[in-house]
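K.L.:
Quick one, what's the 3D model for this:
(one chain, ligands or ions: 1)
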Amino acid sequence: MPRKPPPSLKTQRSQGGRRFGNVSLPELPASALYSHPSLGRLWKKVHLAHSPFLKRSSIRNLYTHPAKTLRHLLRNQPYHWIALGCADGMKEALLLKKLHPPDCLLAADTNLNLARQAALRLPARKKICRKIDLTHELPASFSTALQRVPSNPNSKTRYLPLLITLFGVLPNLSPLPLLQRISRFLRPRDFLLFSANLAPGSRGRAGTLRILPQYDNLPTRRWLAGALSRLRPKWKDGSIAFGVFPDPLQPSLSRIEARWMVNKKPTHILFSSRRPTARQVEAWLKASGLSRVERWMDPRGEEAVWLVTRKA
Ligand SMILES: C[S@@+](CC[C@H](N)C(=O)[O-])C[C@H]1O[C@@H](n2cnc3c(N)ncnc32)[C@H](O)[C@@H]1O
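P.N.:
Next comes the predicted model:
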């Protein structure tokens, strides 16, 4: 009897399924590329070799600049922090060097090993780690867990302001539904700080083609091959081909895709990374009921960080 694949490794046809001629291409959920500890380690190698965050100081600065505004908004008062899709928390650590530590940090990722590393790295009075699937609503148990933390003697209220961070995740999941889910979770005095990897310039496809080499490289192919080797039932023998295609839910949005090719024909989408323009991100905010407090963009226009709140 063939072994049934674990749910996280099943391919999905509904949201991610793409049309290729008359054929719908099933898409592997992003969590299947990260959730196993060995895949977390392979992804980390990709990050160390190719991430612009590690190569360019102007990108790293994007994660320290918001501290000034946040210090002003939080007024040195206690707050809680939920770090979504935090991996091992490198970006959050840069920000936190310039902020007072939160009362409670909740590190949440599909890869619990990585979330634990983030919790070790980041200072906080109390720390919680959770496995999460960001393709679903944010669990109400997160709010309960934070409220259960015994109050800091300095805090005047039980309901502390919440800072949610979401760094590097937007490219991997359908961005508008994700922002809408987070918006529903936020209360009016809470903040969301998120990053988006952008298509430089105003023409999405041309900008995305320029950054394709950040993806089509050996460490990324090894990482994707690692995810493939865990799939049951196994896919037919084939090879990986990278390209730029329109997003199935928003055709004006460019996506880098790694497709699984069998006999020169694509059978699956193995990986995708969306590259919006800044204007497209602003339109998602509007459609999610979020309003911009501030935005920081790197000089080449390849990455930006937004600080937003829920509209009252
Ligand atoms: C590109 S990495 C970014 C990691 C880190 N925040 C950074 O910016 O370097 C995407 C992160 O999202 C997590 N992730 C992917 N799909 C997820 C899902 N469905 N639910 C929760 N986390 C997910 C991965 O485990 C990984 O840590």
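
K.L.:
just checking, Val46 is part of a helix?
P.N.:
Yes - looking at Val46 with DSSP: H, G, I helix; E, B strand; the rest coil, it is inside a helix.

K.L.:
hang on, it packs against Asp216?
P.N.:
No - with contact defined as Cβ atoms under 8 Å, Val46 does not count as touching Asp216 (11.7 Å). To be clear about C-beta, it is placed using only N, CA and C from the backbone, and glycine gets the same treatment.

K.L.:
Of these two, give the one with the bigger neighbour count.
P.N.:
Per other Cβ atoms under 10 Å, whichever of Val46 and Asp216 has more neighbours is Val46, with 19 against 14.

K.L.:
Which residue is the nearest non-sequential neighbour of the more buried one?
P.N.:
The shortest distance from Val46 to any non-neighbouring residue, by Cβ to Cβ, 6 or more residues apart in numbering, is to Pro219 (4.5 Å).

K.L.:
Name the SS class of the residue of the chain found nearest the ligand, please.
P.N.:
In the chain, the residue that lies nearest the ligand is Gly168 (2.5 Å; Cβ to the nearest ligand atom). At Gly168 the chain is in coil, as set by three-state DSSP.

K.L.:
Helices of the chain, start to end?
P.N.:
Under the criterion DSSP state H, helices of the chain are mapped to 37-50, 52-55, 57-61, 66-74, 90-96, 112-121, 140-148, 175-185, 204-210, 218-229, 278-287.

K.L.:
Mind giving me the packing neighbours of the second one?
P.N.:
The one in question is helix 52-55. Identification of packing neighbours for helix 52-55 by 3 or more Cβ pairs under 8 Å, 6 or more residues apart in numbering; DSSP states H and E yields helix 37-50, helix 57-61.

K.L.:
Which one of those helices lies nearest to Leu28?
P.N.:
For those, proximity to Leu28 was assessed by Cβ to Cβ; helix 37-50 is nearest, at 11.6 Å.

K.L.:
Show me which of the helices and strands packed on helix 52-55 has the highest average neighbour count.
P.N.:
Highest mean neighbour count among those (mean count of other Cβ atoms under 10 Å): helix 37-50, with a mean of 17.

K.L.:
Not counting sequence-adjacent ones, nearest residue to Gly226?
P.N.:
Leu42 (4.6 Å).

K.L.:
And the pLDDT for that neighbour?
P.N.:
Leu42 carries a pLDDT value of 97.

K.L.:
Now do it against Leu73, distance only.
P.N.:
To Leu73, Leu42 is 38 Å away according to Cβ to Cβ, to the nearest Å.
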